[in-house]
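Please find the sequence and the predicted model below.
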Amino acid sequence: MKEIITMVKEWVDGITHLLLSFVAIGAISEIIFGTGMFGVNVIGNLTSIINKFGESGFAGLVALLVLVGLFRK
């Protein structure tokens, strides 16, 4: 059972890193070319997510810190 959990965790970690790479590539392409990849406004979407955390006050700050802690693992 431990082996299955480890395999699933590694698989999810791999997909997470792949998706974060796509976000980074999308942001860089939007900066360089002025448009996002496949018509997606990556920087605008990231800005709106950050603004939503800011509107929530202290609870938003705590939630953001929790998310950053999860991504660092």
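Happy to help now that I have it.

I'd like to know how far the closest residue to Phe22 other than its chain neighbours sits from Leu70.
For Phe22, ignoring the flanking residues on the chain, the nearest one in space by Cβ to Cβ, 6 or more residues apart in numbering is Met37 at 7.8 Å. Every C-beta, even on glycine, is put in place using the N, C-alpha and C of the backbone. Going from Met37 to Leu70 by Cβ to Cβ, to the nearest Å gives 25 Å.

How about Gly44?
Taken as Cβ to Cβ, the span from Gly44 to Leu70 is 24 Å.

follow-up on the earlier one: my read: the residue nearest to Phe22 touches Ser29, true?
Yes. With contacts counted by Cβ atoms under 8 Å, Met37 reaches Ser29, the gap being 5.3 Å.

Any stretches of the protein with poor pLDDT?
Within the chain, the ranges that satisfy pLDDT under 70 run 73.

Can you find which helix in it contains the most residues?
Counting by DSSP state H, the longest helix found in the chain is helix 2-33.

so what's the backbone phi/psi at Val42?
Per-residue torsions, Val42: phi -70, psi -50 (degrees, to the nearest 10).

Which residues are in contact with it?
Contact analysis of Val42 by Cβ atoms under 8 Å, 6 or more residues apart in numbering lists 23, 26-27, 30, 36.

Give me the distance between it and Ser56.
Counting by Cβ to Cβ, the gap from Val42 to Ser56 is 22 Å.

which residues touch Val66?
With Cβ under 8 Å, 6+ apart, Val66 has no contacts at all.
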